[in-house]
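J.: no sequence on this one, just coordinates:
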């Protein structure tokens, strides 16, 4: 895995990771919000 990561340039790797992180964070916040409101 480490060898494959070194072959890929950091720029092409950072953009999808940032998008994935953003999607995960927004998805988690929506999920927690819905859970929070369902309990209130």
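T.: Done, it's in. Note that the coordinates shown come from a computational prediction; the quantities given were computed from them, not determined experimentally.
J.: what about the longest helix in the chain?
T.: helix 10-39 (DSSP state H).
J.: Can you pull up the most central residue in the protein?
T.: Geometric centre of the chain, nearest residue: residue 21, 1.8 Å, by CA atoms, centre = their mean.
J.: Report the rounded mean pLDDT for the longest helix of the chain.
T.: For helix 10-39, mean pLDDT is 89.
J.: Tell me the gap between it and the middle of its chain.
T.: With CA atoms, centre = their mean, to the nearest Å as the basis, helix 10-39 stands 5 Å off its chain's centre.
J.: Next, find the distance separating the residue nearest to the centre of the chain from residue 36.
T.: 22 Å (CB to CB, to the nearest Å). C-beta: built from backbone N, CA, C; applies to glycine.
J.: again, but for residue 19
T.: 26 Å.
J.: any idea of the pLDDT on residue 4?
T.: Reported pLDDT at residue 4 in the predicted model: 62.
J.: which residues are contacting stretch 23-39?
T.: Stretch 23-39 has contacts (CB atoms under 8 Å, 6 or more residues apart in numbering) with no other residue.
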